[in-house]
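**Student:** No letters, just coordinates:
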């Protein structure tokens with residue numbers, strides 16, 4: 001497929017570096033994936049449980065099945081991205097996401113039709129249907145659209161990668177923080193079904209937006225990363241120089257790939273489990289629904305600050321140091337859940353979520369091109385993303401079962417603390433593979 005990078009206009013003719021437009025476009029793409037992210041799903045959780053006649057454990061199980069299945073295809077999707085580029089991949093992913101949102105809006109009616117057609121109980125039919133819909137939702141939204149949009153930004157920058165990602169991360173953090181309140185407002189104003197349809201229309205509009213503004217890389221547009229040649233900030237330090245373009249096979253043979261991936265996966269696991277059950281978690285500790293949804297706002301402020309600082313520092317310090325700070329945030333978040341019943345637990349949770357969320361956006365975007373180069377970025381980040389998505393699939397049921405068995409989410413928090421400590425120990429010797 002021809003990419004036609006100069007249609008409908010040539011980026012090289014723009015009076016300033018087109019990478020900044022790609023940064024904005026890619027950021028909008030990531031925000032457009034929110035309906036497919038746990039952040040977007042969580043607001044609908046209670047409505048889906050009531051409308052589809054499912055228990056919380058059953059909905060979590062359907063979420064697990066759909067998300068695990070989607071994770072199995074993300075490495076292949078990364079290879080498709082490497083072949084066809086960001087514009088084509090993002091458009092197809094957004095189109096799939098929009099159609100899935102439409103189907104979600106009619107999921108109760110479709111479940112009834114399926115139940116009558118095959119003569120099975122309504123709850124069984126709804127479980128099968130919602131599992132399938134979760135697969136398409138997670139694959140297109142959290143998976144492919146996010147991967148294509150994030151890599152779009154990274155390919156257009158090299159020495160200014162941290163600066164570009166800091167601006168993008170700040171906007172993302174704000175968007176993800178206010179989205180639950182925005183979606184909840186739409187549901188209150190209309191209902192959950194119409195809200196899904198509104199989100200679908202917005203996603204359809206993004207397909208057109210991606211066609212106009214997405215371009216895969218500067219070279220095919222007659223440009224170079226950063227818009228001009230910039231001397232490396234650490235010219236004599238090999239940690240900041242990309243000498244080798246790693247293949248997927250070579251990247252996954254380095255243990256540091258798995259260390260960073262396991263760290264990113266923990267973030268996905270914890271945030272998904274927390275967000276998916278956020279109302280239930282707070283209610284179990286005596287807090288209101290409004291208090292639960294409002295926790296994202298102060299956390300986002302910390303996240304924005306940590307994302308900006310982390311991205312700017314990433315141009316000067318080793319990724320290992322940022323990983324350690326990130327894991328400390330993971331530890332605080334887990335501890336916050338464990339002791340949420342006390343007043344200090346609420347603030348520990350906010351601080352941990354802010355640090356973890358902000359630095360996640362740094363590590364997930366900058367680590368792979370710095371460690372392994374840009375040539376096979378889609379395949380390498382696709383494998384990492386598949387494990388991140390797989391981890392997010394495990395979380396809702398894990399949290400839900402712990403609550404069902406114990407009546408509390410504290411054990412989930414303590415388990416997270418233990419895992420974060422183990423990763424912190426291994427992170428002491430995390431080195432850039434370019435040094436080899």
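**Tutor:** Happy to help now that I have it. Everything numeric here is computed off the predicted structure, so don't read it as measured data. Residues are numbered from 1 along each chain as shown.
**Student:** how about the strand or helix carrying residue 90: buried residues?
**Tutor:** Using DSSP states H and E, residue 90 maps to helix 86-105. Residues 86-98, 100-105 are the ones in helix 86-105 that count as buried (16 or more other C-beta atoms under 10 Å). To be clear about C-beta, it is placed using only N, CA and C from the backbone, and glycine gets the same treatment.
**Student:** same for it, what does it pack against?
**Tutor:** Helices and strands touching helix 86-105, by 3 or more C-beta pairs under 8 Å, 6 or more residues apart in numbering; DSSP states H and E, are helix 19-32, helix 74-84, helix 122-137, helix 146-155, helix 192-213.
**Student:** now those helices as TSV including distance to residue 62, mean pLDDT and mean neighbour count?
**Tutor:** What follows is the helices and strands packed on helix 86-105, written out as TSV (distance: least, C-beta to C-beta, whole Å; pLDDT from 0 to 100; neighbours: other C-beta atoms under 10 Å):
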stretch	distance to residue 62	mean pLDDT	mean neighbour count
helix 19-32	24	94	23
helix 74-84	19	86	20
helix 122-137	4	92	20
helix 146-155	21	90	28
helix 192-213	16	95	18
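**Student:** Out of the ones you listed, which gets nearest to residue 257?
**Tutor:** Residue 257 lies closest, by C-beta to C-beta, to one member of the helices and strands packed on helix 86-105: helix 74-84, at 12.9 Å.
**Student:** mind giving me CSV with the helices and strands packed on helix 86-105 and columns for distance to residue 221?
**Tutor:** Formatted as CSV, these follow (distance: least, C-beta to C-beta, whole Å):
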stretch, distance to residue 221
helix 19-32, 10
helix 74-84, 16
helix 122-137, 32
helix 146-155, 11
helix 192-213, 12
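**Student:** Select, out of these, the one closest to residue 268.
**Tutor:** helix 146-155 (11.2 Å).
**Student:** Determine the next helix or strand in the C-terminal direction from the closest one.
**Tutor:** Taking DSSP H and E, what comes next after helix 146-155 is helix 161-189.
**Student:** average pLDDT for that next one?
**Tutor:** Averaged across helix 161-189, pLDDT comes to 85.
**Student:** Compute the inter-axis angle for that helix and helix 146-155.
**Tutor:** 150 degrees (axes from the mean of the first three to the mean of the last three C-alpha atoms, to 10 degrees).
**Student:** Output the lowest mean pLDDT helix or strand found in the protein.
**Tutor:** One helix or strand of the chain scores below all others by mean pLDDT, DSSP states H and E: helix 289-294, with a mean of 76.
**Student:** quick revisit: what does the next helix or strand after the helix holding residue 90 rub up against?
**Tutor:** As assigned by DSSP H and E, the chain's next helix or strand after helix 86-105 is helix 107-118. The contact list for helix 107-118, computed with C-beta atoms under 8 Å, 6 or more residues apart in numbering, reads 48, 51-52, 103, 120-122, 124-126, 128-130, 133, 193.
**Student:** Which of those residues sits closest to residue 433?
**Tutor:** residue 133 (38.8 Å).
**Student:** you'd agree the closest one is up against residue 69?
**Tutor:** No: using C-beta atoms under 8 Å as the test, residue 133 is too far from residue 69 to be in contact (11.5 Å).
**Student:** if we can go back for a sec, the helix holding residue 90 to helix 107-118, inter-axis angle?
**Tutor:** Going by the same axes, to 10 degrees, helix 86-105 makes 70 degrees with helix 107-118.
**Student:** Let me know how buried the spatially closest residue to residue 41 that is not a sequence neighbour is, in neighbour terms.
**Tutor:** In this structure, residue 41 finds its nearest non-sequential neighbour in residue 276, 6.7 Å apart by C-beta to C-beta, 6 or more residues apart in numbering. Neighbour count of residue 276, defined by other C-beta atoms under 10 Å: 25.
**Student:** residues in contact with residue 276?
**Tutor:** Applying C-beta under 8 Å, 6+ apart, the residues near residue 276 are 38, 41-42, 45, 60, 63, 395-396, 399.
**Student:** Same list (the residues you listed) but as TSV, adding neighbour count and distance to residue 311.
**Tutor:** Shown next, in TSV, are these (neighbours: other C-beta atoms under 10 Å; distance: C-beta to C-beta, whole Å):
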residue	neighbour count	distance to residue 311
38	23	23
41	26	27
42	24	26
45	21	32
60	26	34
63	29	31
395	26	26
396	29	30
399	28	30
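**Student:** Nearest residue to the middle of the chain?
**Tutor:** Centroid check for the chain by C-alpha atoms, centre = their mean gives residue 142 as the closest residue, at 5.5 Å.
**Student:** Surely that one is in contact with residue 391?
**Tutor:** No: taking contacts as C-beta under 8 Å, residue 142 lies outside contact range of residue 391: 11.5 Å.
**Student:** Specify the residue ranges that define each domain of this structure.
**Tutor:** 16-221, 248-430 (the TED database).
**Student:** how about those in a markdown table, adding distance to residue 5?
**Tutor:** Converted to a markdown table, these look like this (distance: least, C-beta to C-beta, whole Å):
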| stretch | distance to residue 5 |
| --- | --- |
| domain 16-221 | 5 |
| domain 248-430 | 16 |
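**Student:** Any idea which of these gets closest to residue 436?
**Tutor:** domain 248-430 (8.0 Å).
**Student:** Quick one: the helices in the stretch 251-400 of the chain, in order.
**Tutor:** Secondary structure of the stretch 251-400 of the chain (DSSP state H, counting those that start in this stretch): helices located at 255-276, 278-284, 289-294, 296-314, 319-338, 343-372, 377-406.
**Student:** which stretches of the chain aren't confidently modelled?
**Tutor:** 1-2, 229-242 (pLDDT under 70).
**Student:** relative to its centroid, which residue of it is most remote?
**Tutor:** residue 119 (38.2 Å).
**Student:** which secondary structure element contains the nearest residue to residue 327 once chain neighbours are set aside?
**Tutor:** Take residue 327 and drop its neighbours on the chain: the residue closest to it by C-beta to C-beta, 6+ apart is residue 424, 4.8 Å away. Counting by DSSP H and E, the element that carries residue 424 is helix 410-427.
**Student:** residues in contact with the closest residue to residue 46 other than its chain neighbours?
**Tutor:** Counting by C-beta to C-beta, 6+ apart, residue 46 lies nearest to residue 279, which is 6.8 Å off, once chain neighbours are set aside. With contact taken as C-beta under 8 Å, 6+ apart, residue 279 is in contact with 42, 45-46, 289, 292-293.
**Student:** Quick check: residue 279 vs residue 401, distance?
**Tutor:** 17 Å (C-beta to C-beta, to the nearest Å).
**Student:** again, but for residue 424
**Tutor:** 27 Å.
**Student:** Relative to residue 207, how far out is the closest residue to residue 193 other than its chain neighbours?
**Tutor:** Closest residue in space to residue 193, ignoring its immediate chain neighbours: residue 105 at 4.5 Å, by C-beta to C-beta, 6+ apart. Using C-beta to C-beta, we find residue 105 at a distance of 18 Å from residue 207.
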